[in-house]
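# Sequence and predicted structure, then a few things I'm wondering about:
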Amino acid sequence: MDNIKTIVDAFAGAAFVLLGIERFLYGYVYHFPGHFKRCCKQGVLGSKIQNEPVYWKNFMQLGMYVKVFQYSVVLYDLFIRCTMNNPIVMFLEADRGVSFAEATAEAPWSQFLLGLSLVCLGQFLNVAVFRALGAVGVYYGCELGYKVNWCMSFPYNIPICDPQYWGVIICIWGIYIAVGASSLLVPVLETFWYGMSMKLIEHSNGKKLLDIIIR
C-alpha cells in the first residue's frame, strides 16, 4: 500500500510540474516579449527558431514542442495509471463473438455521451478563438509587435473570460468523463494551471506581482 501511495504521489508531483511548463512558457512570452525576441534572434532557442523571422511563428513552434509534456501526462494517466469504464472498453474486453449491443448493454452511456458533448463544446470554443483571432492573435502577435485587430465578435461576446482556455478545461474534463477514468487528478491539475494563467500567469495581476518582486 505504501508503494502504491508513493507511486501516486510521484505521478502527481511530476504531472503538476510537466503540465505547468506550457503555462509558464506562455506567461514568459506575455510578460517578456522583448527578451523572447532577443532569444530567438540569438539562437538561444535553437537554429530552427532562429531561422524563422516571424516571432509569433517561433512561439507557435515552441508551443507545439511543449504540448508533448501535456499529451504525455494525459496518455500515461489514461492508459497506464487509470482504469477506464466506457462502452468502447467494454466491447473490446468482451468475449469473442459477443455483439456490440450485448457487450455494452450495461455501459454508462449517459456519462459517455456527456463527456463527448463536453469535448465537442471545448473544441468548438477553441476553433472559434482561432477563427476570431487567427494564429497571430492566439500566439501573442500583439505583444510581439504585430497588428492584431481587437475582437468583439464570438466567442468574445459571451460572458466568459479567455474562451480558448475554458475550451481546453472543458475538453479535458470531457475526455476523462467520456472514458470513465478512475482518477480525475489530471483534469484538476489542468484546471488549476489554466485558472492560474487566466488570473495571474498571463494576466495584468501577474505584471503587478512581477513589479513588486523586481522592486
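Looks like it arrived, so ask away. Numbers count the residues shown, from 1 in each chain.
# Can you report phi and psi for the residue of the chain positioned farthest from its centre?
Largest separation from the mean C-alpha position in the chain: residue 97, at 39.3 Å (C-alpha atoms, centre = their mean). Main-chain dihedrals, residue 97, degrees, to the nearest 10: phi 90, psi -10.
# Helices along this structure, start to end?
Ranges of helices in the chain, per DSSP state H, are 2-31, 33-42, 47-50, 55-76, 87-92, 100-103, 109-138, 163-179, 185-196, 204-214.
# so of those helices, which one's packed in deepest?
helix 163-179 (a mean of 22; mean count of other C-beta atoms under 10 Å). Where C-beta positions appear, they are placed from N, C-alpha and C, glycine not excepted.
# Could you list every helix and strand that it packs against?
Packing partners of helix 163-179 (3 or more C-beta pairs under 8 Å, 6 or more residues apart in numbering; DSSP states H and E): helix 109-138, helix 185-196.
# Report all helices and strands that the last one contacts.
Spelled out, it's helix 185-196. With contacts taken as 3+ C-beta pairs under 8 Å, 6+ apart, helix 185-196 sits against helix 2-31, helix 163-179.
# what comes into contact with that helix?
With contacts defined as C-beta atoms under 8 Å, 6 or more residues apart in numbering, helix 185-196 is touched by 11-12, 15-16, 19-20, 22-23, 73-74, 77, 165-166, 168-169, 172-173, 176.
# CA atoms only for that helix, dumped as CSV, please.
The C-alpha trace of helix 185-196 is given here as CSV (Å, rounded to 0.1, in the frame of the first residue of the first chain):
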residue,chain,number,x,y,z
LEU,A,185,-6.2,14.2,-10.9
VAL,A,186,-5.1,15.4,-14.3
PRO,A,187,-8.3,17.4,-15.1
VAL,A,188,-8.0,19.0,-11.6
LEU,A,189,-4.3,19.9,-12.3
GLU,A,190,-5.2,21.3,-15.7
THR,A,191,-8.0,23.4,-14.3
PHE,A,192,-5.5,24.8,-11.7
TRP,A,193,-2.9,25.7,-14.2
TYR,A,194,-5.3,27.2,-16.8
GLY,A,195,-7.0,29.1,-14.0
MET,A,196,-3.6,30.4,-12.8
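# Distance from the chain centre to that helix, please.
The chain centroid and the centroid of helix 185-196 are separated by 9 Å under C-alpha atoms, centre = their mean, to the nearest Å.
# for the record, mean pLDDT for it?
Helix 185-196 comes out with an average pLDDT of 96.
# same thing with stretch 60-70?
Averaging pLDDT residue by residue across stretch 60-70 gives 92.
# ok, the residue nearest to the spatial centre of the chain - contacts?
The residue lying closest to the centre of the chain (C-alpha atoms, centre = their mean) is residue 168, at 5.3 Å. Listed by C-beta under 8 Å, 6+ apart, the contact partners of residue 168 are 122, 126, 190, 194.
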